[in-house]
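*Asks:* Fold the following and give me the result.
(2 chains)
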Amino acid sequence: MNTPGRIPVILLSGFLGSGKSTLLNTFLNDPSVQDTAVIINEFGEVPVDHLLVRRGETTISQVSTGCLCCSDTTDIHQTLQDLSSAALEGVTGKFSRVIVEMSGLGDPAPLVNALSGEKNGTEQPQGDAKSIEFYLAGVVTLFDAVAGASSVENHFEALKQIAFADRIVLTKTDLASNLETPADFAALSNELRELNASAEILDRQSADVSALFSPRPYAVLDRGEDVAGWLALEAALALEAGHATRTDQKNGQLRHGAGIRTFSIVSDTPLPEQKFRRFLSLLQDSAGQRLLRVKGIVSTEATPEEPLIVHAVQHVVSRPVRLPAWPDEDRRTRLVFITDGVDPEPVRALFTAVIDAVPFSFSGSFKKAGNAFWASFTRAFSTLTSISRRSQ
Amino acid sequence: MTRFHNPLAPKFTRLKNRSTEIKGWVRELMQLPEDTAITVAELACREEGCPDIETVIGVLEPDKPIVTIRVHTTMADVTKADVAEAADVKA
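*Replies:* Residues are numbered from 1 along each chain as shown, chains lettered A, B, ... in the order given. The predicted model follows:
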């Protein structure tokens, strides 16, 4: 139950490609869900996640590029304050709940500390004595039943996301070949219990999505010793000299491994769809699991008014979805890549090579060869003529 | 029927087990009592000239400020000798 003057904040976390935007879409399009503000945080220089979430009439969406967990905690306070100011000034509708969709590489610790601390109230402008207090009311973490085990094994961020959750939602269970029986589900749940003994574990296929983000007490102590330790360590590091320079870091990549990087490709002209699919396939074949995530919106030559939404997660490329219209004024193709050790230059070179490739045509090749031969013959004749004149 | 167990399947607890191992080294090297909490995390390093990932260990003794120990390598690559050197104790 909500308390007047206090607004619950629920964190939605989950490793790259675990289905956060898809779940959020389902939730926001539920008629029973009203008055929810959404903060979408993504790890990338060109924001696209907000395009992938279709908003209901009463939903307010704010996009924060960079990574909230890498920036000073005032970022989340500022974003919450902006939301409440907009609602109080009538710029947007009022809301009674906030969902923060974290970056797939997001570390919950700084946000949990920020929302559990004392400085989470927002001062209202124009002398309004009232202040809205935001409080943490749950952490929902998605676990990709197909790729999640690999993520948890190799990425510390994924492990932390699971550990902080009070609700773990298994996604893509319909696609997982190793989840065919109730015993398989029980085995997976037991594995997750090793990382988080107290969280409620739900299957996305059968879960009541409208109830997932209901506010409830979030107690750090219930999350176990590791979580309490990480929060204490996070607070200590924040106080250490030099740690305050975190906000100077470019693009919020500080907290994440050196190999993890993000870059984008933006194209002004519509792309030939088959070539684009070929590019994705080649990239996936060559980069393998180092291609952590590809997401974006693509303008295609055949239907430029109906963009394609593309998603790829490690070795799984989802079938592109065609939207009936562009979600904003920007009609450019925007692709965001998050990789583990793959540099942007070869990816951009591959993109250019595949998209600009001229298909082989025998008649075209014959004509091209003929032109080349005629040009060579002309040059040779001209040279011979010139030599002949000089020798006379 | 016996179910096939894939020995190459990803291990959920790989990083957690590693963390437990490192905590054990810290407790032994620093001769810490059992009730002293130790936490281990992997973060990016902020110091120039260091590897980009570091393992940060926090020792949380009651009524004392947290002691942090930084080992400039990934959690997977940390050795007991690394911890000893970073904590300035003999392995």
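
*Asks:* use CA for all of it now, contacts and neighbours both
*Replies:* Noted.

*Asks:* Quick one: distance of the longest strand seen in chain A to the chain centre.
*Replies:* With residue count as the measure and DSSP state E as the assignment, chain A has strand A:131-144 as its longest strand. Centre-to-centre, strand A:131-144 and its host chain are 18 Å apart (CA atoms, centre = their mean, to the nearest Å).

*Asks:* List the contacts of the residue nearest the centre of chain B.
*Replies:* The residue lying closest to the centre of chain B (CA atoms, centre = their mean) is B:Ile22, at 3.9 Å. B:Ile22 is in contact with B:40, B:78, B:80, counting by CA atoms under 8 Å, 6 or more residues apart in numbering or on different chains.

*Asks:* That one sits in which helix or strand?
*Replies:* For B:Ile22, the host element (DSSP states H and E) is helix B:14-29.

*Asks:* May I have that helix as CSV, with CA atoms only?
*Replies:* Coordinates of the C-alpha atoms in helix B:14-29 are reproduced here as CSV (Å, rounded to 0.1, in the frame of the first residue of the first chain):
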residue,chain,number,x,y,z
ARG,B,14,31.7,-20.3,-10.0
LEU,B,15,32.2,-16.6,-9.0
LYS,B,16,30.5,-17.2,-5.6
ASN,B,17,32.8,-20.0,-4.8
ARG,B,18,35.8,-17.9,-5.9
SER,B,19,34.6,-15.2,-3.5
THR,B,20,34.3,-17.7,-0.7
GLU,B,21,37.9,-18.9,-1.4
ILE,B,22,39.2,-15.4,-1.3
LYS,B,23,37.4,-14.6,1.9
GLY,B,24,39.0,-17.7,3.5
TRP,B,25,42.5,-16.5,2.4
VAL,B,26,41.9,-13.0,3.9
ARG,B,27,40.6,-14.4,7.2
GLU,B,28,43.6,-16.7,7.4
LEU,B,29,46.2,-14.1,6.4
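
*Asks:* rewinding a little: tell me which residues in the longest strand of chain A are buried?
*Replies:* With burial defined by 16 or more other CA atoms under 10 Å in any protein chain shown, the residues of strand A:131-144 counted as buried are A:132-144.

*Asks:* Tell me if that strand is near chain B.
*Replies:* No: residues of strand A:131-144 contacting chain B under CA under 8 Å from any CA of the partner chain: none, with a closest distance of 11.9 Å.

*Asks:* helix or strand right after that strand?
*Replies:* Later in the chain than strand A:131-144, the nearest helix or strand by DSSP H and E is helix A:148-154.

*Asks:* which is the next helix or strand following that following helix?
*Replies:* Going down the chain from helix A:148-154, the next helix or strand is helix A:156-164, by DSSP H and E.

*Asks:* ok, which stretches of chain B are strands?
*Replies:* Counting by DSSP E, chain B forms strands over residues B:37-44, B:53-60, B:67-71, given from the N-terminal end onward.

*Asks:* Kindly report the residues of chain B close to chain A.
*Replies:* Residues of chain B lying near chain A (CA under 8 Å from any CA): B:10-16, B:37-46, B:52-53, B:58, B:60, B:66, B:68.

*Asks:* And the buried ones among those residues, selectable in ChimeraX?
*Replies:* Only the buried members of those enter the following ChimeraX selection, criterion being 16+ other CA under 10 Å:
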select /B:10,11,12,13,15,16,37,38,39,40,41,42,43,44,45,46,52,53,58,60,66,68
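
*Asks:* How about A:Arg278, nearest residue that isn't a chain neighbour?
*Replies:* Once its chain neighbours are removed from consideration, A:Arg278 has its nearest residue in A:Val354; the separation is 7.4 Å (CA to CA, 6 or more residues apart in numbering or on different chains).

*Asks:* chain center to the host helix or strand of the one you found, what's the gap?
*Replies:* According to DSSP H and E, A:Val354 maps onto helix A:344-356. Averaging C-alpha coordinates over helix A:344-356 and over its chain gives two centres that are 22 Å apart (CA atoms, centre = their mean).

*Asks:* got any ranges where chain A has weak pLDDT?
*Replies:* By pLDDT under 70, the weakly predicted segments of chain A are A:1-4, A:42-74, A:117-131, A:241-259, A:314-315, A:358-370, A:372-374, A:376-392.

*Asks:* okay, now the domains of it?
*Replies:* Recorded structural domains for chain A (assignment: automatic domain parsing) are A:6-252, A:260-356.

*Asks:* So the helix or strand hosting A:Ala187, near chain B or not?
*Replies:* Here A:Ala187 is covered by helix A:182-193, with elements defined by DSSP H and E. Yes: applying CA under 8 Å from any CA, one finds that helix A:182-193 is in contact with chain B at A:191-192.

*Asks:* How about residues contacting that helix?
*Replies:* Contacts of helix A:182-193 with the rest of the structure, by CA under 8 Å, 6+ apart, involve A:162, A:178-179, A:199, A:201, B:12-13.

*Asks:* Sort out for me which of those residues are in helices.
*Replies:* Within the contacts of helix A:182-193, residues falling in helices by DSSP state H are A:Ile162.

*Asks:* Look at A:Arg261 and give its secondary structure.
*Replies:* Look at A:Arg261: counting by DSSP: H, G, I helix; E, B strand; the rest coil, its state is strand.

*Asks:* Distance-wise, check A:Glu191 relative to A:Phe185.
*Replies:* Computed with CA to CA, to the nearest Å, the distance linking A:Glu191 and A:Phe185 is 10 Å.

*Asks:* Please apply the same query to B:Thr36.
*Replies:* Plainly put, B:Thr36 is 36 Å away from A:Phe185 if you go by CA to CA.

*Asks:* of those two, who's got more company?
*Replies:* With other CA atoms under 10 Å in any protein chain shown as the criterion, B:Thr36 and A:Phe185 differ in neighbour count, and A:Phe185 comes out ahead with 17 against 11.

*Asks:* got a list of what A:Leu88 touches?
*Replies:* Listed by CA under 8 Å, 6+ apart, the contact set of A:Leu88 reads A:Lys94.

*Asks:* backbone phi and psi for it, please?
*Replies:* Here is the backbone geometry of A:Leu88 (degrees, to the nearest 10): phi -70, psi -30.

*Asks:* who touches A:Phe156 in this structure?
*Replies:* By CA under 8 Å, 6+ apart, the contact list for A:Phe156 reads B:15, B:41-42.

*Asks:* Just send those back as a markdown table, with pLDDT too.
*Replies:* Supplementary listing: the contacts of A:Phe156 in a markdown table, determined by pLDDT from 0 to 100:
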| residue | pLDDT |
| --- | --- |
| B:Leu15 | 91 |
| B:Ala41 | 93 |
| B:Glu42 | 89 |
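
*Asks:* Can you tell me which of the residues you listed is closest to A:Ser299?
*Replies:* For those, the closest approach to A:Ser299 (CA to CA) belongs to B:Glu42, at 39.4 Å.

*Asks:* Nice, that's everything, thank you.
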